[in-house]
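Asker: whatever this is, show me its structure:
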Amino acid sequence: MSSATPAQRRARATALPPLRAADAGAIEAFLDAAWAEAGLSRQTLASYRRDLEGCARWRDGAGGGLIAADRGALFDYLAWRTRDGYAPRSNARLLSALRAFFAHALRRGVRQDDPTALLEPPKLPRALPKALAESQIEALLAAPDSATATGLRDRAMLELMYAAGLRVSELVQLPATALNLRQGVLRVTGKGGKERLVPLGEEAQHWLQRYLDQARPALAGKRALAPLFLNASGAAPSRQQFWQLVKRYAGAAGIDPTRISPHGLRHSFATHLLNHGADLRALQMLLGHASLSTTQIYTLVAREQLKRLHARHHPRG
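Answerer: Numbering: from 1, shown residues only. This next block holds a predicted model:
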C-alpha cells in the first residue's frame, strides 16, 4: 500500500465501522481511571481516546474487537499505519495508549495477558526544539496592534508566553486569579495537575497591566468571567485560535509562518535563558519538567547555535 495523504487517511477513518459497545465501554472505563489515578490532562486523554477508538474500529472492520486483540493483531495494525504514512511519533503515541489500556485491563482482570508486552516502539528521530532568534522574538511581540482591545490582548498573551515559558494549554486555560502582579508571579497548573510559581519580568507585567485595565473590561462587558484571556464571545481562546494568531503575527513580523509554532515561544524562552547563563535546575523548575533529562535537550540547542555562530564568523570556521 502506498503512503496516503492526511485527507485520504481521514476519509478511510470515517469509512470504518462504528465502535462496538464492548470496546466503547472498555475505553471509557480506562479513560476514567487514567484521569482519576494519573491526573492526565484533557489533551492526553483526548489523544488516548482518538488512538484507541481508531484501533478498535479498525479491528472491528477486520472481524475482531480491541479488548480481545492479540499481539499479532496489534502488530498488524501498527504495520498498516506505517505503510499508510503515519509518522513514527504518531505510532509511538498509539503504542503508549495501547500499553496503558491493556495494563488497566490486566489490573481489572478483564485480560490475563498484555498483548503489547513484546511490541517494539518505532525508532524516533531526535528532533531538537526550534527556537527563534532574540531579534525575531522582538519583532513578533511588536506585531499586534495594541491600540485595539484584541491586539492588546494578543500582545499580552505573547509577552506572557515568552516571559514565563508556558505550554499553550497552560496559557489559554489560565484563570484571572492565577496572576498576581503585585508580587510579579504567575501560578501555573501544569501536567498532572502540578502547580508551579513563575516570576514575571517588568515588560510582561507592563503589558498584562495594560490588558487588564484597558482590554479585558471591553471584552468581558458586564460579565464576571473566570478566564484571564478572553475572546470576543467571552470564553477563553482555544489552542487552535492561539495557533492562528501566532501564525498571523509571524507573517506580519517577517518570520516564515511554517517555521514557527506556539510551542516555539516556550522553546525560545528556555534557549535564551540558557544562552544568558541560567542554571539548568532552575530552568527545569520554570518549565515544570518532571525530569531534568527533558530540560537537558535545550543544552543541545544552545550548543548547535554556538556551532553555527562559530562557522559563520570565525575565519577558520
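Asker: how far away is the closest residue to Leu78 other than its chain neighbours from Glu120?
Answerer: Distance criterion Cβ to Cβ, 6 or more residues apart in numbering; nearest residue to Leu78, sequence neighbours excluded, is Asn91 at 5.8 Å. Glycine gets a C-beta too; all of them are placed from N, C-alpha and C. Between Asn91 and Glu120 the distance is 11 Å, computed by Cβ to Cβ, to the nearest Å.
Asker: the two - which one has more neighbours?
Answerer: Asn91 (19 against 8; other Cβ atoms under 10 Å).
Asker: so the more buried one sits against Trp80, correct?
Answerer: No: if you go by Cβ atoms under 8 Å, Asn91 and Trp80 don't touch, sitting 10.4 Å apart.
Asker: tell me the secondary structure of Val188, please.
Answerer: strand (DSSP: H, G, I helix; E, B strand; the rest coil).
Asker: and the gap between it and Phe101?
Answerer: 30 Å.
Asker: quick one, which of these two is more surrounded?
Answerer: The neighbour comparison of Val188 against Phe101 (other Cβ under 10 Å) goes to Phe101, with 26 against 21.
Asker: can you pull the contacts of that one?
Answerer: Going by Cβ atoms under 8 Å, 6 or more residues apart in numbering, Phe101 touches 26-27, 30, 48, 52, 66.
Asker: all helices for the stretch 101-250 of the chain, in order.
Answerer: With DSSP state H, counting those that start in this stretch, the ranges of helices along the stretch 101-250 of the chain come out as 134-141, 149-164, 168-172, 202-210, 216-220, 239-252.
Asker: those helices: which one's closest to Pro17?
Answerer: Among the helices of the stretch 101-250 of the chain, the nearest to Pro17 by Cβ to Cβ is helix 239-252 (29.1 Å).
Asker: tell me the buried residues in that closest one?
Answerer: With burial defined by 16 or more other Cβ atoms under 10 Å, the residues of helix 239-252 counted as buried are 239, 242-243, 245-247, 249-250.
Asker: let me know the closest of the residues you listed to His289.
Answerer: Closest to His289 out of these is Arg239 (20.1 Å), distances taken as Cβ to Cβ.
Asker: and the closest residue to that closest one other than its chain neighbours, how close does it get to Ala290?
Answerer: Nearest residue to Arg239 in three dimensions, chain neighbours excluded: Val168, at 5.0 Å (Cβ to Cβ, 6+ apart). Computed as Cβ to Cβ, the Val168 to Ala290 distance reads 19 Å.
Asker: cool, and Leu186?
Answerer: Leu186 sits 19 Å away from Ala290, going by Cβ to Cβ.
Asker: between those two, which one's more packed in?
Answerer: Taking neighbours as other Cβ under 10 Å, Leu186 and Ala290 compare with Leu186 leading, 24 against 12.
Asker: okay, now the residue lying closest to that one once chain neighbours are set aside: neighbour count?
Answerer: Distances taken as Cβ to Cβ, 6+ apart place Val198 nearest to Leu186, at 4.8 Å, with adjacent residues excluded. Residues near Val198, counting by other Cβ under 10 Å, number 20.
Asker: and Val198, how far is that from Leu171?
Answerer: Val198 is 11 Å from Leu171, by Cβ to Cβ.
Asker: one more: Leu52?
Answerer: Distance from Leu52 to Leu171, by Cβ to Cβ: 28 Å.
Asker: for stretch 230-243, how far is the first residue from the last?
Answerer: 15 Å (Cα to Cα, to the nearest Å).
Asker: ok, and what's touching it?
Answerer: 150, 153, 157, 168-169, 171-174, 216, 219-221, 223, 225, 227-229, 245, 261-262.
Asker: are any of the residues you listed buried, and if so which?
Answerer: 150, 153, 157, 168-169, 171-174, 216, 219, 227-229, 245, 261-262.
Asker: what's the domain layout of the protein?
Answerer: The domain map for the chain lists 6-108, 134-313, with the assignment taken from automatic domain parsing.
Asker: output those domains in JSON lines; the columns should cover distance to Asp114.
Answerer: Formatted as JSON lines, these follow (distance: least, Cβ to Cβ, whole Å):
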{"stretch": "domain 6-108", "distance to Asp114": "5"}
{"stretch": "domain 134-313", "distance to Asp114": "24"}
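Asker: JSON lines please, covering the ones you listed and showing mean pLDDT.
Answerer: Below are these laid out as JSON lines (pLDDT from 0 to 100):
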{"stretch": "domain 6-108", "mean pLDDT": "86"}
{"stretch": "domain 134-313", "mean pLDDT": "86"}
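Asker: between those, which one is nearest to Pro115?
Answerer: domain 6-108 (4.4 Å).
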